[in-house]
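>>> Whatever this is, show me its structure:
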Amino acid sequence: MMDKTFEFDQSNLDAVLIGRLTRDYLLPYGRTPKLDTLGGSLAYAAGCLLLWGGTVGLAAKISRQYPREWLDRFEREGCDLTGVKVVDEESDERFFVAYSSPENAHYENPLPYFAERQLPFPFELLNYNPLANRSCSRFEYKAYSFHVNDLPKRYLEVNCAHICPIDFISHKILPSLLRGGLVQTLTMRASTCYMDLSFWEEIRSLVSDLTAFSFSEEQGLRLFQGRSLDIWEIMEALAAYGPEYVFVNMKDGSTRVFDKYKKKRWIIPGYPVKVVDPTGCLDAFDGGFLLNYRQDYNVLEGVLHAVISMGFAQEGSGPGFLLESLPSLKAARLEALRSRVMAA
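Down below sits the predicted model:
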């Protein structure tokens with residue numbers, strides 16, 4: 001296999017992000033479609049780290065057909081692309097979502113959603129299989145899966161890192177690999193495919209090396225099906241496996257935070273925004289947390305920045321929108337949100 005690495009001369013990185021880059025086909029509710037554009041968990045998390053003024057190393061595996069120019073702006077804004085590798089394996093990098101309301105997303109067959117909106121169907125979406133990238137294998141590597149030698153050596157020397165949703169194998173390999181370097185703060189967002197009873201026995205080893213583990217309310221309930229319906233109980237159970245902090249993004253837009261060592265719980269409401277496109281907002285949450293937590297290791301302050309980040313992502317469409325928020329707006333929203341934090 002041959003690969004190519006994009007070079008970028010960046011001596012000091014605030015963080016490393018590892019995830020996926022996709023080609024997105026978005027049908028926001030009542031808004032202009034965005035077809036065949038930059039997407040993926042990595043792009044949204046990176047956009048938010050840049051939003052708060054960080055410099056970040058990105059790691060992903062992309063096909064030779066992936067448009068390199070989509071990453072140019074991120075490179076100009078302070079992203080090191082050394083870890084973005086082009087591979088020869090075929091990979092379906094398409095991602096489709098249509099919204100019937102700001103809260104209701106649909107990922108299935110795209111054809112009826114284009115017909116319903118009287119939009120020409122993109123030929124690039126022919127034979128699109130929405131389930132192709134949602135299955136989890138314990139043993140089979142995909143084109144975008146990470147091996148132990150895929151990360152640049154100097155990425156292992158950065159103080160903090162975040163693992164975006166990828167696949168089970170990548171999430172099994174990466175935490176111990178990063179902890180074996182100089183990474184002290186390590187966060188990870190769950191991949192939906194393994195937040196399931198069938199992966200119950202693997203979860204403990206998956207999260208044992210993490211500083212913080214984040215997932216959605218739906219994912220937590222699915223993993224603990226038949227064991228618990230209490231989100232706080234679920235959070236404490238997972239924290240007992242290793243993470244110092246556990247975050248759950250709730251259906252009502254709030255975020256629950258559990259601090260294992262201080263035995264504290266908080267509920268942080270979502271910042272009220274006019275939702276345009278929720279795609280990638282949870283990845284924006286993670287990017288906002290990582291950079292701001294590392295400033296003084298205050299978990300509550302980190303999550304406040306994360307919630308504001310999630311709101312910014314929902315107000316526009318695509319990861320590039322995150323780079324356009326005004327500094328004064330960020331400060332005002334943070335101040336307003338601080339007064340609404342509730343101890344639980």
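
>>> Which strands and helices lie in contact with the host helix or strand of S100?
Here S100, judged by DSSP states H and E, is contained in strand 94-101. With contacts defined as 3 or more Cβ pairs under 8 Å, 6 or more residues apart in numbering; DSSP states H and E, strand 94-101 has these neighbours: strand 22-27, strand 104-106. In this view, the C-beta of every residue, glycine as well, is placed from N, C-alpha and C.

>>> Need those in JSON lines (columns: mean pLDDT and mean neighbour count).
Formatted as JSON lines, those follow (pLDDT from 0 to 100; neighbours: other Cβ atoms under 10 Å):
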{"stretch": "strand 22-27", "mean pLDDT": "97", "mean neighbour count": "23"}
{"stretch": "strand 104-106", "mean pLDDT": "93", "mean neighbour count": "13"}
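
>>> would a markdown table of those with distance to S317 be doable?
Shown next, in a markdown table, are the helices and strands packed on strand 94-101 (distance: least, Cβ to Cβ, whole Å):
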| stretch | distance to S317 |
| --- | --- |
| strand 22-27 | 6 |
| strand 104-106 | 13 |
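
>>> nearest to P67, of the ones you listed?
For the helices and strands packed on strand 94-101, proximity to P67 was assessed by Cβ to Cβ; strand 22-27 is nearest, at 7.9 Å.

>>> ok so, going back, list the buried ones in the strand holding S100?
In terms of neighbour count (16 or more other Cβ atoms under 10 Å), strand 94-101 has its buried residues at 94-99.

>>> P122 is nearest to which of the helices and strands packed on strand 94-101?
Short answer: strand 22-27, nearest of the helices and strands packed on strand 94-101 by Cβ to Cβ, at 6.5 Å.

>>> Tell me the strands beside that closest one, with direction?
strand 34-39 (antiparallel), strand 94-101 (parallel) (DSSP bridges).

>>> Excluding its own residues, what touches that strand? List them.
With Cβ atoms under 8 Å, 6 or more residues apart in numbering as the test, strand 22-27 has contacts from 33-40, 66-67, 93-99, 110, 113-114, 117, 119, 122, 124-125, 277, 279, 317-318.

>>> Just the CA coordinates for stretch 79-91, please, in PDB.
The C-alpha trace of stretch 79-91 is given here as PDB (Å, rounded to 0.1, in the frame of the first residue of the first chain):
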ATOM      1  CA  CYS A  79      -4.200  23.000  11.300                       C
ATOM      2  CA  ASP A  80      -1.300  20.600  10.900                       C
ATOM      3  CA  LEU A  81      -2.300  18.100   8.200                       C
ATOM      4  CA  THR A  82       0.700  15.700   8.700                       C
ATOM      5  CA  GLY A  83      -1.600  13.100  10.000                       C
ATOM      6  CA  VAL A  84      -4.100  13.200   7.100                       C
ATOM      7  CA  LYS A  85      -3.000  10.300   4.900                       C
ATOM      8  CA  VAL A  86      -4.200   9.300   1.400                       C
ATOM      9  CA  VAL A  87      -4.600   5.500   1.100                       C
ATOM     10  CA  ASP A  88      -5.200   3.300  -1.900                       C
ATOM     11  CA  GLU A  89      -8.100   1.300  -0.400                       C
ATOM     12  CA  GLU A  90     -11.600   2.000  -1.800                       C
ATOM     13  CA  SER A  91     -13.700   3.800   0.800                       C
END
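
>>> what about that stretch, average pLDDT?
Summarised as a single mean, pLDDT over stretch 79-91 is 94.

>>> buried sites along it?
By neighbour count with 16+ other Cβ under 10 Å, stretch 79-91 contains the buried residues 79-87, 91.

>>> starting at the chain centroid, how far to it?
From the chain centre to the centre of stretch 79-91 is a distance of 18 Å (Cα atoms, centre = their mean, to the nearest Å).

>>> Over to stretch 139-150?
Chain-centre distance of stretch 139-150: 18 Å, with Cα atoms, centre = their mean.

>>> In TSV, list the strands paired with strand 22-27 along with mean pLDDT and distance to G270.
As requested, the strands paired with strand 22-27 are exported to TSV (pLDDT from 0 to 100; distance: least, Cβ to Cβ, whole Å):
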stretch	mean pLDDT	distance to G270
strand 34-39	96	22
strand 94-101	95	16
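
>>> how much space between the residue sitting furthest away from the middle of the chain and P67?
Distance from the C-alpha centroid of the chain, by Cα atoms, centre = their mean, peaks at Q118 (31.7 Å). Using Cβ to Cβ, to the nearest Å, one obtains 28 Å as the distance from Q118 to P67.

>>> sorry, back to before: looking at the strands paired with strand 22-27, which is nearest to A313?
A313 lies closest to strand 34-39 among the strands paired with strand 22-27, at 12.0 Å (Cβ to Cβ).

>>> Poorly predicted segments of the protein, please.
Filtered on pLDDT under 70, the chain yields the residue ranges 1-11, 132-134.

>>> ok, now with 90
1-12, 30, 68, 78, 90-91, 102-103, 129-137, 320, 322-330, 344 (pLDDT under 90).

>>> Helices of that one, start to end?
For the chain, the helices defined by DSSP state H occupy 41-51, 72-77, 111-116, 168-179, 200-207, 217-223, 231-239, 281-296, 299-315, 327-338.

>>> how far off strand 34-39 does the first one point, in degrees?
Just to be clear, that refers to helix 41-51. 70 degrees (axes from the mean of the first three to the mean of the last three Cα atoms, to 10 degrees).

>>> ok, back up a step: which stretch among the helices of the chain is buried most, on average?
Mean neighbour count (mean count of other Cβ atoms under 10 Å) peaks for helix 41-51 among the helices of the chain, with a mean of 30.
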